[in-house]
Every structure is written in C-alpha cells, then in structure tokens.
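**Q** 3D, please:
(4 chains)
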Protein chains: 2
Amino acid sequence: MLSKRCKYALKAMVCLARVYKQGQLTIASIAEQENIPKKFLEQILLELKRVKLVNSKKGVAGGYYLIKDPNEVSVADLYRIFDGPIALTPCVSLNYYEPCDDCVDEETCYLRNQLIEIRDKTRKSMSEATLQRFIDND
Amino acid sequence: MLSKRCKYALKAMVCLARVYKQGQLTIASIAEQENIPKKFLEQILLELKRVKLVNSKKGVAGGYYLIKDPNEVSVADLYRIFDGPIALTPCVSLNYYEPCDDCVDEETCYLRNQLIEIRDKTRKSMSEATLQRFIDND
DNA sequence: TATAATATCTATCATTTTAGTAGTCTTTAG
DNA sequence: CTAAAGACTACTAAAATGATAGATATTATA
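**A** Numbers count the residues shown, from 1 in each chain, chains lettered A, B, ... in the order given. Predicted structure coming up:
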C-alpha cells in the first residue's frame, strides 16, 4: 500500500504534470482540488523539491512546477522517495540494500531467487506507470 | 517491504513445506534454524493455524505441520494475512476494498486505471511465488 | 502415573512510523 | 507597502511494529 504521503505526492505530481511547461500551481489550489491537508502537502512538495522533481517560485503569483518530463517520473520513483524500497526485503533491494538481521548467509538464502523475481516484476510495473500515463489513460 | 512477521511466516512455511506429509517441526527448531525470536514465531504460527494453513500437535513429539499443498500457498497469501492489501490503495484492492478518504468520485478517479494495472501484475508475480518454488528453485 | 516437552493464551511494552497541526519567517509581484 | 505565496522548525496523537513475560493446557513415554 502507498502511504498517504506517497499517494498525495502522486496526485500532486499528476496535477503538475498536466500543466507541465505551461505554468505553476499553488499548494492551496492542489490541496483544495485533491482534498489534501494543505500543511501536509506543503511538506510533501518540499521533499519533492529537495529531490529535484519540482521547483517553486515564492511570492505573489508563485507556485510549484514540474521540472522533469512527465514521461520520466513514475510511481516507482515516488514510492522510493516516500515509502522506501520496492523489494520485499532489504537484502534484495537495488536502491536500498541492507543485509537482513536474521539471515546467516545471503548467497545460500533460499528466499533470494524468488524475491528477486518479484522485485524485478514489481519494479517494471511501477516504472511503467509514469505521470504521463496517468494523464493519457485517464 | 515485508514486515518481519511476514518474512518469518514465509520462512517457517517453507520449512514446513519441506517436510510436507512427512512429519512436523517444533516452534523451537524452526526458530533456532531460521534465527527467529521463539515467542514471536509462536504468535505467527498461531495465526497461520487460525487461518488454516497449518495445524499442530501438542505435547511431547508435537509440533507444526502444513495442511495445504505447497503449490497452493504463495507469498501473496502470506502478504495478505500479515501485511494486508497487495494493491497500492484500498480503493483498488480486491480482497480489502475500502473507499479512499480523499477521493471524491471513484468512477472518475484518474489514478484508478494505472493502479489496477499495477495491482494485477503484482498479484500475479506474488501468486506465482509458491512455497514449492522456494524449495525447487533454491 | 509422574514428568518433561510441547503448544496455547493473555497481557504488556518500547520504539518507530504515520499523518498530521501550529506558528513564524522569507520572498516577491504589483 | 502589502498581500499572497512558499520555507522552516517544532510538536503531537494515534497506530503499527517487533517483540517479551508468565502462566496454562496437553500428551508421549519412562
């Protein structure tokens, strides 16, 4: 499941993708349109800015805008930012690798092969769900 | 990511699958072999018994044994028991459906189509990872 | 029949994560 | 100058997670 943060981020990003290279949206307008608590969304957009997916302009007539192409941002990207590894265990994660507490020897772990298969398929399906697709296939 | 509960459950189930129709294993033996806190594993096995995937015998020479065929139990089943919906939002979950707090109209939700696609692919890959496969493809 | 080995049940707990809220400060167009 | 925007810092309530503790019930077997 997506956390609320991540779902809100996805919604906000799709909103911004719709006006990609055509303007900006204020936090308040996104929050209202999408039923997201404004202060919470503020934090989320700040994080999206920190990782350079969006940028913002302060002051009157300011707002947020997407800086990456909507074809280049996917659910997988947002999931990793807000919800962490896509893999089912840290030991098979490509982006967030960590050894498992309970596993003695990774090389001989009998879970590994299947978990890697699941990881690859999940990565693929989440990567294919780009912002652009959310717009096109609406 | 799998919770520890779920990962421990998976490991225990694979252990039990290896001796399917050939005997039983004690909590202690599984806990020791797999580096799982015994009391925690106890709770997990109790839950697996409650949902009728395993059964147990008390007393000396007692233990747990699988009652479903190892081809009929998958990561998807265990995920649902311990970690909940496989879908990314409750509103596209087949087994745990719930409307979303923030969505006004489900029918016109622009996230829906893509989230359903992801759900179907994830369900498939997690369902294909049966206990038997963990044994065969070890 | 006593006992040791096993599962079962009920309760509790510390820590972390989640989903926010509150208040103040900074920037900027007009 | 000021209103409208984002930025920053801090706090918090509730739930989930990953356990631990202790007492009870059952059963094979010596």
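**Q** can you point out the buried residues in the biggest helix by length in chain A?
**A** Looking across chain A with DSSP state H, the single longest helix is helix A:112-128. For helix A:112-128, the neighbour count (16 or more other Cβ atoms under 10 Å in any protein chain shown) marks A:112-119, A:121-123, A:125-126 as buried. (Glycine included, C-beta is placed from N, CA and C.)
**Q** what's the angle from that helix to helix B:112-128?
**A** Following axes from the mean of the first three to the mean of the last three Cα atoms, to 10 degrees, one obtains 170 degrees for the angle between helix A:112-128 and helix B:112-128.
**Q** who does helix A:112-128 touch, helix- and strand-wise?
**A** Secondary structure elements in contact with helix A:112-128, counted by 3 or more Cβ pairs under 8 Å, 6 or more residues apart in numbering or on different chains; DSSP states H and E, are helix A:75-83, helix B:112-128.
**Q** so what's the gap between that helix and the chain middle?
**A** Distance, stretch centre to chain centre, for helix A:112-128: 17 Å (Cα atoms, centre = their mean, to the nearest Å).
**Q** please apply the same query to stretch A:58-75.
**A** Using Cα atoms, centre = their mean, the offset of stretch A:58-75 from its chain centre is 13 Å.
**Q** average pLDDT across it?
**A** Stretch A:58-75 carries an average pLDDT of 97.
**Q** close to DNA strand C, is that stretch?
**A** Yes - applying Cβ under 7 Å from any atom of the strand, one finds stretch A:58-75 in contact with DNA strand C at A:58, A:59, A:60, A:61, A:62.
**Q** got JSON lines for the residues you listed, with neighbour count and secondary structure too?
**A** Formatted as JSON lines, the residues of stretch A:58-75 next to DNA strand C follow (neighbours: other Cβ atoms under 10 Å in any protein chain shown; DSSP: H, G, I helix; E, B strand; the rest coil):
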{"residue": "A:58", "neighbour count": "7", "secondary structure": "coil"}
{"residue": "A:59", "neighbour count": "6", "secondary structure": "coil"}
{"residue": "A:60", "neighbour count": "5", "secondary structure": "coil"}
{"residue": "A:61", "neighbour count": "8", "secondary structure": "coil"}
{"residue": "A:62", "neighbour count": "11", "secondary structure": "coil"}
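**Q** nearest to DNA strand C among these?
**A** Closest to DNA strand C out of the residues of stretch A:58-75 next to DNA strand C is residue A:59 (2.2 Å), distances taken as Cβ to the nearest atom of the strand.
**Q** any idea how far that closest one is from residue A:65?
**A** The gap separating residue A:59 from residue A:65 is 14 Å, by Cβ to Cβ, to the nearest Å.
**Q** so what does the nearest residue to residue A:31 once chain neighbours are set aside look like in phi/psi?
**A** Distances taken as Cβ to Cβ, 6 or more residues apart in numbering or on different chains place residue A:38 nearest to residue A:31, at 4.1 Å, with adjacent residues excluded. The phi and psi values for residue A:38, taken as degrees, to the nearest 10, are phi -60, psi -50.
**Q** give me the neighbour count for the residue nearest to residue A:64 when sequence neighbours are not counted.
**A** In this structure, residue A:64 finds its nearest non-sequential neighbour in residue A:56, 4.8 Å apart by Cβ to Cβ, 6+ apart. Residue A:56 is flanked by 15 other residues according to other Cβ atoms under 10 Å in any protein chain shown.
**Q** same question for residue A:80.
**A** The local packing of residue A:80 (other Cβ under 10 Å) involves 19 other residues.
**Q** if I look at it, how far off is chain B?
**A** Per Cβ to the nearest Cβ, to the nearest Å, residue A:80 is found 12 Å from chain B.
**Q** which helix or which strand is home to the nearest residue to that residue once chain neighbours are set aside?
**A** Computed as Cβ to Cβ, 6+ apart, the closest residue to residue A:80 that is not its neighbour in sequence is residue A:95, at 5.9 Å. Applying DSSP states H and E as the criterion places residue A:95 outside every helix and strand.
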